[in-house]
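> heads up, no residue letters with this:
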């Protein structure tokens, strides 16, 4: 073999031998001197949640990150979350507020029951921000319910205001094979005023209930595991679209009286029982909706300015002296203040055909009178009865009025 040929072969052999070594060296240099990925937060460095909201961990942009710390939204305070990756650390500060700046109340019972095969009625919620006003139309609702399959389903209601504060709540929907159905009608209880021994009204009549008696009644409802339907559920029940549990009841308080606002609401919060405050919107309605916002109170219309005399039927309320357009105008004016269209209580309990037409035009789901009785399937939703709660009644009489 010629010298030239041998030289070329040796050169080729050397190249073949060293190529893997060169590749390995390049890989080692790349691994050692490569630029490390930067650890970054997903979301903000500081996030703010209202008390008892649902905290969702957003994490970071990298995987295999060690997270140190936790957030307890049931406790007011500041929480620090650390994220560590190799020699990098980033932090997130989470603040939990208990100042009631944002108040969200779920309509109806937080634990909702649906019979398998029947439709799930979305009851929704209401949200009041002390600085920004009503945020209900900004609420995001997530989660699905399959009423063909027995089980528990989560529906999440969440909202974030302009300041970046989060508020959210969870509804558990129980789809069940059976429950004892209500066949006798739903008692919609009509209360008025609440007082205490230390804050007595000038005159006391059957519309006034002592705070201790109200508490006794609420305690009974709670201990007996009563169900509190939303107006959306009640409307569907009236139409025959769904059944409701036997022990179903709705609590309403008329007039937005200061005693109820001051003493009644804290009791409802104590026993976690949802109720309605029917307010006369022209009487500081906007202030009441904000000042007394509660997780267990929904404010609905008792008219804007029809809670006065001047009529010639029933109890003499002015509604009977007004035409349909005048009544509708009043209803819409009240709705702009309470920002709800789910329920209405006729002032003085007086009902007219023109009033019923106005209720329909204003898009109100359920309108209540002072006529005694329970709400039953097939009834006219523009003139539903209620069960008056008398202040002097014993607990036994109260229980009997529920008709269970």
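Nice, I can see it. Model, not experiment: these values are computed from the prediction.
> beta partners for the residue positioned nearest the centre of the chain?
By CA atoms, centre = their mean, the mean C-alpha position of the chain lies nearest to residue 106, the distance being 2.3 Å. With DSSP bridges applied, residue 106 shows beta-bridge pairing to residue 125.
> next one: residue 153
residue 173.
> so it makes contact with residue 176?
No. Assessed by CB atoms under 8 Å, residue 153 is found out of contact with residue 176, at 11.7 Å. For every residue, glycine as well, the C-beta is placed using N, CA and C.
> rewinding a little: wait, the residue nearest to the centre of the chain touches residue 274, no?
Yes. Counting by CB under 8 Å, residue 106 touches residue 274, with 7.4 Å between them.
> Give me the residue ranges of the protein where confidence is low.
For the chain, applying pLDDT under 70 flags the ranges 1-36.
> change it to 50
1, 14, 30, 32-34 (pLDDT under 50).
> All the helices of it, in order from the start?
Using DSSP state H, the helices of the chain run over 3-33, 211-223, 231-238, 258-259, 265-271, 285-291, 324-338, 353-361, 395-402.
> what's the neighbour count on residue 273?
19 (other CB atoms under 10 Å).
> Distance of the nearest residue to it once chain neighbours are set aside relative to residue 211?
The spatial neighbour of residue 273 that comes closest, neighbours along the chain excluded (CB to CB, 6 or more residues apart in numbering), is residue 218 at 5.6 Å. Separation of residue 218 from residue 211 (CB to CB, to the nearest Å): 10 Å.
> and if you look at residue 242?
Separation of residue 242 from residue 211 (CB to CB): 35 Å.
> and for residue 218 and residue 211, which residues touch both?
residue 267 (CB atoms under 8 Å, 6 or more residues apart in numbering).
> So what pairs up with residue 49 in the strands?
Under DSSP bridges, the residues paired with residue 49 across the bridge are residue 96, residue 166.
> How many residues are close by it?
With other CB under 10 Å as criterion, residue 49 counts 22.
> And for residue 355?
With other CB under 10 Å as criterion, residue 355 counts 26.
> ok, now which ones touch it?
Contacts of residue 355 by CB under 8 Å, 6+ apart are 319, 324, 327, 346, 382.
> Going by neighbour count, which residues in stretch 152-164 are buried?
153, 155, 157-161 (16 or more other CB atoms under 10 Å).
> for stretch 274-282, that is, sorry about that
Those would be 274-282, for stretch 274-282 by 16+ other CB under 10 Å.
> Check these against residue 312 and report the nearest one.
residue 280 (21.3 Å; CB to CB).
> measure the closest one to residue 103 for me?
Distance of residue 280 to residue 103, given as CB to CB: 21 Å.
> again, but for residue 201
Taking CB to CB, one finds residue 201 at 28 Å from residue 103.
> repeat for residue 165
12 Å.
> just residue 145 next, same as before
Relative to residue 103, and taking CB to CB, residue 145 is found at 25 Å.
> again, but for residue 331
25 Å.
> With residue 96 instead?
For residue 96 relative to residue 103 (CB to CB), the value is 15 Å.
> swap in residue 41?
As defined by CB to CB, residue 41 lies at a distance of 29 Å from residue 103.
> Equivalent analysis for residue 79, please.
Taking CB to CB, one finds residue 79 at 22 Å from residue 103.
> Kindly report the same for residue 365.
22 Å.
> Just list the residues touching residue 287, thanks.
Residue 287 touches nothing, counting by CB under 8 Å, 6+ apart.
> mind listing which of the buried residues of stretch 152-164 are in strands?
153, 155, 157-160 (DSSP state E).
> burial of residue 323, as a residue count?
With other CB under 10 Å as criterion, residue 323 counts 12.
> so how many other residues sit close to residue 398?
Residues near residue 398, counting by other CB under 10 Å: 18.
> dump the residue contacts of the closest residue to it other than its chain neighbours.
Excluding the flanking residues, the one nearest residue 398 by CB to CB, 6+ apart is residue 217, at 5.4 Å. Neighbour list for residue 217: 389, 395, 398 [criterion: CB under 8 Å, 6+ apart].
> my guess is the last one meets residue 389, correct?
To tie it back to what came earlier, the one meant is residue 398. Yes. Between residue 398 and residue 389 there is a contact at 6.8 Å, judged by CB under 8 Å.
> Make sure residue 248 is actually in contact with residue 229.
Yes. Using CB under 8 Å, residue 248 is in contact with residue 229, at 5.4 Å.
> residues bridging contact with these two, i.e. touching both?
Common neighbours of residue 248 and residue 229 (CB under 8 Å, 6+ apart) are residue 186.
> For residue 99, see how far away residue 80 is.
To residue 99, residue 80 is 21 Å away according to CB to CB.
> Break the chain into its domains for me.
Split into domains by automatic domain parsing, the chain comes to 46-97, 100-179, 181-402.
> Mind checking which of residue 41 and residue 103 has more residues around it?
Applying other CB under 10 Å to residue 41 and residue 103 shows that residue 103 carries more neighbours, namely 20 against 16.
> so what's that one up against?
127-128, 167, 293-295.
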